Structures are given as C-alpha cells and as structure tokens.
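In: Okay, predicted coordinates and the sequence, questions at the end:
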Amino acid sequence: MNKTIVLALVILIILAVACAPAPTPVPPPPPATTAPSASSAPSTSSSAQPTAVATKSGAVTQVKIGSIHPLTGGLAQDGAFLKNSIDLAVDEINSAGGIKSLGGAKLVVEQADSQGKPEVAQSEAERLIRAGDVALIGAYQSAATFNATQVAEREQVPFVIDVAVSNNIMERGFKYTFRIQPNQTAMAKGAGDGLKALGIKTVVMLHEDSIFGQGQADIFKKMAGDYGITVLGDISYSLNNLTDLTTEVSKVQALKPDAVLVTGYLNDGVLMARTAKDLKLNVKAIFGIASGAFSTPQFVDAVKDTANYFFDANYHWDASNPKAQQVRDRYKAKFNSEMPTHGVMAYEATMVLADAIERAASTDPKTIRDALAKTNFANHILPYDGPIRFDANGEAVNARAIVMQVQNGNIVQVLPKQFAQKDPIFPMPAWDNR
Amino acid sequence: MIVVALVAYVVVFHWNDLANWWKLNNIVLRQALVSGFLIGGIYSLIATGLTLIFGVLGIINFAHGAMMTIGMYITFWAFQLFGVDPYVSVIITVPALFLIGAVIQKLTIQPVMAAPAHNQLLLTLGIAIFIENLLLVLFTGDTRAVQTDYAGARFFAVDTMISLPRVWAFLGGLIVAGILYLILTRTDLGKAIRAVAEEKEGAALMGIDTERISLITFGLGAACAGAAGSLIMPFFTATPTMGETFNIMAFVVVVLGGMGNIPGALLGGIIVGITESLGAVFLPGSSKQLGVFIVFILVLLFHPTGLLGRRSG
C-alpha cells in the first residue's frame, strides 16, 4: 500500500485524538470552558422588553420565566428530570394562588433546549430574554451555564443556577447570577469534614484530568491540611480512550493510603469500582468528591454489590426531612419516575425565584434581582446549614455537600450527624470478607 | 554516551532513591505488564476485523467501533431481557453484525468503492455518527452494564492480579483470529478473498464475483466487531459513543501490525496495550498514551508498512 494512505491515517488519528469529544457527562455536570464568550453577540438591551402580560387595567395576569436545559442529546434524560421538576414547582405555586403580591398572577415557564451545547444555551438565553422572560433558570452543565449567565448579566435579567458546579462561573463579579447548589469549594469542604469525622489521615487523589476532576482535586489538596489530612499522591487519568484503570488503581494500592478520593463521571467510576474489587484495593474508604458515579442509582445498578460501602461527598436533597420525601412523592405521582437530586435542585431554584418575585411584587428584572439578593428562604428541602441566602457573588452561603454511602444497595446519608439517616460503615470490610 | 553517563550518574548518586522507587513500584510495574498484555489482547480482538476490511477492500472503516457498540447493545439486551450469558450471545451478535455489515456494505460502501480514499473515509465516519445517534435515540445515553457472577473473577499470580473475564476476551480474540486465519488459508472462500485483496481485476477475470467477496468480507469484519462487543461486555460498560474509545487504538494497532495483516493485529495490540499500561506507571493523566504514539511514529518512520507488513504499493 502506498505511504500517503498511511500518512493520511496518521494525521487523521492524531486529529481524532486531539479532537476526541469528551465522553457523555453525567451529574454533577462537567466543568465550564474558560473561554469567555458572548462578546461577539450584538447587545440586545434595548429590545429586552420586560415583561409579563398586563390587562387593560394594568394588572399583571402572568409572569413569564425561562428555563434552559439539555432536552435533547446525550443529557436528554437529565434534562427531562430538570424540566419536569420545574413544571412541578410552577404547578404547585400556581395552584397555591400564584404570585400573590401581583394579584395572583400565574407563573408561566418557557422550557428551552440547550442541546447540551454552550453556544445553544447562550442563544436560547437571548431568545428567552427577548421574548420577555423576567428571569431564567438553568443550565445543568457548567460550560452552558457559563455562557448563558453571560447573556443574562449583559441584559440585566436574573439567572438562578439550579445545577452547575464550577467555581469559575461565579468568579466574574456578576450581579445577576445566583447559585443554589454547593460549588467545588463546598464539595471539598463537605469531603474534608466527612474524612475528618471518619478519622482518615492519609489519602491518594484519583481523578479524571479535565477541569472538573482536576479542578476538584486541586481545590481539595489546598484545603487538606485544614483537616489534618496528608495527600500521599495525585493520580489522574484521561477520559479520552479510557479502557483500563488497573495501573492507576494499583498505584493507589502501592501508596497504602487510608482512603482514595475519587472525582470523575459515571463510566470511569464503574471501571474504577470494578478494578478496585479486582485488585482488592486495601483502603479503609473509597470516597468520592462530587463524583458523577458513587451516589447515583445508575452506579449501584451497574456494579451491584461492589457499590456497597462507597462514600461520596456531594449535593443531595435532605433525606432526613419528611417534606423532601413529600415533594419526591408528588413528582413520582406526576411523572412516574424517581426524582433525582438534580431535579430537587431545579425544584428549589424555581421556589427561590418565585419567592423573590413575590417579595419584589414586580415583573421588572432589576427589582427581582434585588429581591433575589435579599433571599432568606428557610422552607427548603436541601441539607443546608440554614436558610438559602446569597453572598455578594451570588453563591448560596449555607450550601453544603453531605456525605452519602451505599449500604445494602441503598444510597443513604451518613454525615454530618444532623442529616444522617444511618451511621457510616467504616472501615470498609476487606474484599475477601464481603 | 550522554544517556550512558546520565544512567551511570543516576545509579551511582541516587541509588537509594532508585531502590525506594523500586520497592514502591515493582508490584505496580508487574501489574501494569499483565493488565497491559490483557487489554492489548482486547485491542487485537477489535483490530482483527478492521485489518481484514482494510486488507481486502482498502477501506478505512471508521464505523468499526460503532459496529462493536451495536454488538455490546445486543449483548446487553439479550442478557437483560432473556438472561443470555454475554459469552453465549456471541452466537447472536456474530450473525447479526454480519448481516448489518453486509447491508451497510451493499447500500453504502459498494457504490463508492471506486471513489477516492478520503470520500470512503468520510462515508464510514458518517456511518459511525449515524449509528451512534441511532443508538442514542433508541436506548438513550444511559450507561449499560451486565452484572454476571464471574464479572469480578480473578486470581493472583503471587501478588499480580489476573482478571479472568479479560483472559476470556483475550482467548476469544485468539480464537476469532484463528478462525479467520483458517477461513483465509484453508477454504475456497478464503482463497477468493485473498485473491481479491491481492489483485482485484485479476480475480474478477478469473471469474470471482468481487462484489460478493467484498460483501462477505465487510460482513466478516463487522462480525468480528460484534464478537468483540460481546466478549468485552462482562467487564465494560456500553454507551452509544463507547466505540470511539476503542476506534483510535484499533487503528493504531492495525497500522502498527501492518495493514491487512491478522497476526500483525495480534502483535500490534499487545504492544500497544503494554506500552499504554507502562505509560500510566510513569506519566500522569492524558499523557499515558504518549508512549503508544511514540512507538507508533517510530514504527512508521523505520518500517512504514508496519511490523509484519510486507506488501507495498
């Protein structure tokens, strides 16, 4: 055969490796791109017409809000959970009398599809704002959220983030962006508190090397000393062409830590768990930080008994709060499926936004923004250290990650004490004894 | 000289560091060799069908990984719905993928057989994207795994873990390669396939139906991908885009071993597997594949037809 074909192939392979798309992400969402965007889009401030439909007498009859999530594409299933949860919250608000300070105006939500793409999330944010939506909720993926919030900031329309973990979304000094879920620092804090409570002294980090996993590991490493924890090693792996983790896990094994701290997505989490079992990884705890696997039913489903005793510090609904179960029951009755954590986040984001509109007694986005900034929402179902409040950056100050563990195939909350459903099982029994 | 001096320097002045490193990492190294060898066998298994299709049709089939993914999904649903063991489901995936491959060849590849290589390449890339998205529509992006009793079966050679499902996949790869080799060397069909690979027009002049041979060959290649899908399912998870993971490595293996050369695919797979695995011992994250591509480039530089490749032009 001729060399040109071989050469063409080489080039193609190198290109393909370089451009290989990231594997389908799972919750918690992938990190944001750091590339600032939206700068080229023409400003549409003048065309952003607030808002709401008024009767001739001037009374507001409905308040339109927008929601942007991946309703098609690889994350479509997650997008559906988020959309349904927002619909549930809106229905509950309306059947309880709508926005009372606006004469019982109905909340109307426009569901937009980001297709899982940051650029689409951005253009959808523009479209919704131009259509007169007074506030937006979104956008599940950090990269999509990063772009969409940029539009909202420019148009001065409040944006409530239900799910998107990356720290850098909130590090731009934006005034119109508010986040319900714990960020990467809160995740690391939740993990540190949990590890300290378990008495873990030495750890090895094992994580995927995009800014989701790497970023999470870097943040934890900086804080490890505060919890009396020594990091013995930092082992990363790439999601591109990931076929085997045996070498990586045996490197963890060789360092003999008390615990291995894992940040990654679902598929690599499954591979990691199976490899840990194969190698009889001799640690006291396998502990996820914001893991996309260890506290999800899909993980337990994929590896069955192997999932037992795995810890994960992550966001969650407050399973110790009966009201949380009632919300999840109502979801199940309506949509005939379990309401996952990210659904609960979207539900709460809607409730917090409705509360702000209620207090603003206005459909002016700026007034709603000011009301959001003064949020003090205690009637929530998240395991936080108090009411939902936002700091100057828009981060939920009381947001925290809690530690969950798989016990008998069930994901239960184990730490901190006040949210625990069960005691943690620690140390993890030896693989030969399970 | 410089290298020798450097090694001598390290050995003399950093003997303790070296000894410590060895103490810490000798198990890791041995484990890396074993697991690299096994994952290499899986690369070989996937590359076998790819190299066959290239050797005979001259088509660079970018849809190979996607066809393997179809095999994985068939295996998953056979297990989920009817409790068919993944290894048993080979008898479903092989004929199913043979048929799918034959249909794809008849409908899409055959009409572009005379087109320039890059057109064929784009076509197979398009087929790959089509299959991936079809799987996404049909089965969503959920991660699918089969959980068998033997999924975690393994034994320890002293302190080195050997995972049995991977050994079975490796042996399965050898069997598939062996069967293909026998077909190619011992049957009339095999002779015809080799004749078409060697000299298409000549074969046609001798009365061989080259279109039919192309169809069968593509089907056989797809069937290999199907078998690979079944054999890796006990320890791997299926998502619609999972094929991409293996596609690149399979191509490296094919080119490394010599395009169209089945024993070459076996050898290439094992070299790639071990290199990648050792890379992970020394290099962090994404760079673990650096070694693989260095070996790949060296082989192309010094032996452009691949390790066992002979033909040229």
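Out: It's in. Residues are numbered from 1 along each chain as shown, chains lettered A, B, ... in the order given.
In: For the residue of the stretch 251-400 of chain A found nearest chain B, which non-adjacent residue is closest in space?
Out: Relative to chain B, the nearest point of the stretch 251-400 of chain A is residue A:302 (3.9 Å; CB to the nearest CB). C-beta coordinates here come from the backbone N, C-alpha and C atoms, glycine included. In this structure, residue A:302 finds its nearest non-sequential neighbour in residue B:145, 3.9 Å apart by CB to CB, 6 or more residues apart in numbering or on different chains.
In: what's in contact with stretch B:262-270?
Out: Residues from elsewhere that reach stretch B:262-270 (CB atoms under 8 Å, 6 or more residues apart in numbering or on different chains): B:37, B:40-48, B:50-52, B:173-174, B:177, B:180-181, B:184, B:252-258, B:306-309.
In: What average pLDDT does it get?
Out: Summarised as a single mean, pLDDT over stretch B:262-270 is 90.
In: got the CA coordinates for that stretch in PDB?
Out: Presented in PDB, the C-alpha positions along stretch B:262-270 are these (Å, rounded to 0.1, in the frame of the first residue of the first chain):
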ATOM      1  CA  ILE B 262      -4.100 -10.500  11.100                       C
ATOM      2  CA  PRO B 263      -1.100 -11.900  13.000                       C
ATOM      3  CA  GLY B 264       0.200  -8.300  12.900                       C
ATOM      4  CA  ALA B 265      -3.000  -7.100  14.500                       C
ATOM      5  CA  LEU B 266      -2.400  -9.500  17.400                       C
ATOM      6  CA  LEU B 267       1.200  -8.400  17.900                       C
ATOM      7  CA  GLY B 268       0.300  -4.700  17.500                       C
ATOM      8  CA  GLY B 269      -2.500  -5.000  20.000                       C
ATOM      9  CA  ILE B 270      -0.300  -6.400  22.700                       C
END
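In: Pull out the buried positions in that stretch.
Out: B:262, B:263, B:264, B:265, B:266, B:267, B:268, B:269, B:270 (16 or more other CB atoms under 10 Å in any protein chain shown).
In: quick one on the thing from earlier: which of the contacts of stretch B:262-270 are buried?
Out: Buried, going by 16+ other CB under 10 Å: B:37, B:40-48, B:50-52, B:173, B:177, B:180, B:184, B:252-258, B:306-309, out of the contacts of stretch B:262-270.
In: Considering only those, which also neighbour chain A?
Out: B:42, B:252, B:255 (CB under 8 Å from any CB of the partner chain).
In: what's the closest of these to residue A:243?
Out: residue B:42 (7.4 Å; CB to CB).
In: and the closest one, which of the three is it?
Out: helix (DSSP: H, G, I helix; E, B strand; the rest coil).
In: Thought residue B:232 was touching it, still the case?
Out: Yes - with contact defined as CB atoms under 8 Å, residue B:42 reaches residue B:232; the gap is 6.0 Å.
In: okay, and the common contacts of the two?
Out: With CB under 8 Å, 6+ apart, residue B:42 and residue B:232 have common neighbours residue B:169.
In: For stretch A:240-247, measure first residue to last.
Out: Counting by CA to CA, to the nearest Å, you get 16 Å between the two ends of stretch A:240-247.
In: Counting neighbours, what do you get for the residue lying closest to residue B:260 once chain neighbours are set aside?
Out: Nearest residue to residue B:260 in three dimensions, chain neighbours excluded: residue B:55, at 2.3 Å (CB to CB, 6+ apart). Applying other CB atoms under 10 Å in any protein chain shown, we find 28 residues neighbouring residue B:55.
In: Is residue B:55 within a helix or a strand, and which one?
Out: helix B:15-57 (DSSP states H and E).
In: Relative to the whole chain's centre, how far out is that helix?
Out: How far helix B:15-57 lies from its chain's middle: 14 Å, per CA atoms, centre = their mean, to the nearest Å.
In: Now do the same contact list for residue A:323.
Out: residue A:381.
In: can you tell me which strand in chain A is longest?
Out: strand A:60-69 (DSSP state E).
In: So which elements touch that strand?
Out: The contact analysis (3 or more CB pairs under 8 Å, 6 or more residues apart in numbering or on different chains; DSSP states H and E) places strand A:60-69 against strand A:53-54, helix A:76-95, strand A:106-113, helix A:118-130, strand A:136-138, helix A:341-360.
In: Show me what counts as buried in the second one.
Out: Of the residues in helix A:76-95, A:76, A:78-90, A:92-94 count as buried by neighbour count, 16+ other CB under 10 Å.
In: Would you mind putting the helices and strands packed on strand A:60-69 into TSV with mean pLDDT alongside?
Out: Formatted as TSV, the helices and strands packed on strand A:60-69 follow (pLDDT from 0 to 100):
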stretch	mean pLDDT
strand A:53-54	50
helix A:76-95	92
strand A:106-113	95
helix A:118-130	94
strand A:136-138	95
helix A:341-360	94
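In: Columns distance to chain B on top of these, output as TSV?
Out: Listed next are the helices and strands packed on strand A:60-69 as TSV, based on distance: least, CB to the nearest CB, whole Å:
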stretch	distance to chain B
strand A:53-54	37
helix A:76-95	5
strand A:106-113	15
helix A:118-130	17
strand A:136-138	19
helix A:341-360	15
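In: Select, out of those, the one closest to residue B:110.
Out: helix A:76-95 (34.7 Å).
In: Now do the helices in the chain.
Out: Because you didn't say which chain, this covers chain A. Here chain A has its helices, by DSSP state H, at A:3-19, A:76-95, A:118-130, A:142-155, A:184-198, A:213-224, A:246-255, A:266-278, A:297-303, A:322-335, A:341-360, A:365-373.
In: hmm, I had chain B in mind actually
Out: B:2-13, B:15-57, B:64-82, B:90-104, B:117-139, B:164-186, B:188-198, B:200-205, B:210-232, B:242-257, B:262-282, B:290-302.
In: got the angle for the first one vs helix B:15-57?
Out: It refers to helix B:2-13. 140 degrees (axes from the mean of the first three to the mean of the last three CA atoms, to 10 degrees).
In: Same question for the fifth one.
Out: Here helix B:117-139 runs at 100 degrees with respect to helix B:15-57, directions being taken by the same axes, to 10 degrees.
In: count of neighbours near residue A:270?
Out: Neighbours around residue A:270, by other CB under 10 Å: 24.
In: Ok, residue A:376 next?
Out: Residue A:376: 11 neighbours (other CB under 10 Å).
In: Contacts only, for it.
Out: Taking CB under 8 Å, 6+ apart as the test, what residue A:376 contacts is A:387, A:388, A:389.
In: top of the residues you listed by neighbour count?
Out: Top of the contacts of residue A:376 by neighbour count (other CB under 10 Å): residue A:388, with 23 neighbours.
In: And it, how far from residue B:166?
Out: Residue A:388 sits 48 Å away from residue B:166, going by CB to CB, to the nearest Å.
In: Worst mean pLDDT among the helices of chain B?
Out: helix B:2-13 (a mean of 78).
In: which secondary structure elements does it contact?
Out: So helix B:2-13, by 3+ CB pairs under 8 Å, 6+ apart, packs with no helix or strand.
In: Nearest to residue B:236 among the helices of chain A would be which one?
Out: helix A:266-278 (7.8 Å).
In: Just the CA trace of that closest one, in PDB.
Out: Taking Å, rounded to 0.1, in the frame of the first residue of the first chain, the C-alpha atoms of helix A:266-278 are listed here in PDB:
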ATOM      1  CA  LEU A 266     -20.200   7.500  35.700                       C
ATOM      2  CA  ASN A 267     -18.400   5.200  33.300                       C
ATOM      3  CA  ASP A 268     -15.000   5.700  34.700                       C
ATOM      4  CA  GLY A 269     -16.500   5.400  38.200                       C
ATOM      5  CA  VAL A 270     -17.900   2.000  37.300                       C
ATOM      6  CA  LEU A 271     -14.500   1.000  35.800                       C
ATOM      7  CA  MET A 272     -12.700   2.200  39.000                       C
ATOM      8  CA  ALA A 273     -15.000   0.300  41.300                       C
ATOM      9  CA  ARG A 274     -14.700  -2.900  39.400                       C
ATOM     10  CA  THR A 275     -10.900  -2.500  39.200                       C
ATOM     11  CA  ALA A 276     -10.800  -1.800  43.000                       C
ATOM     12  CA  LYS A 277     -12.600  -5.000  43.600                       C
ATOM     13  CA  ASP A 278     -10.400  -7.000  41.200                       C
END
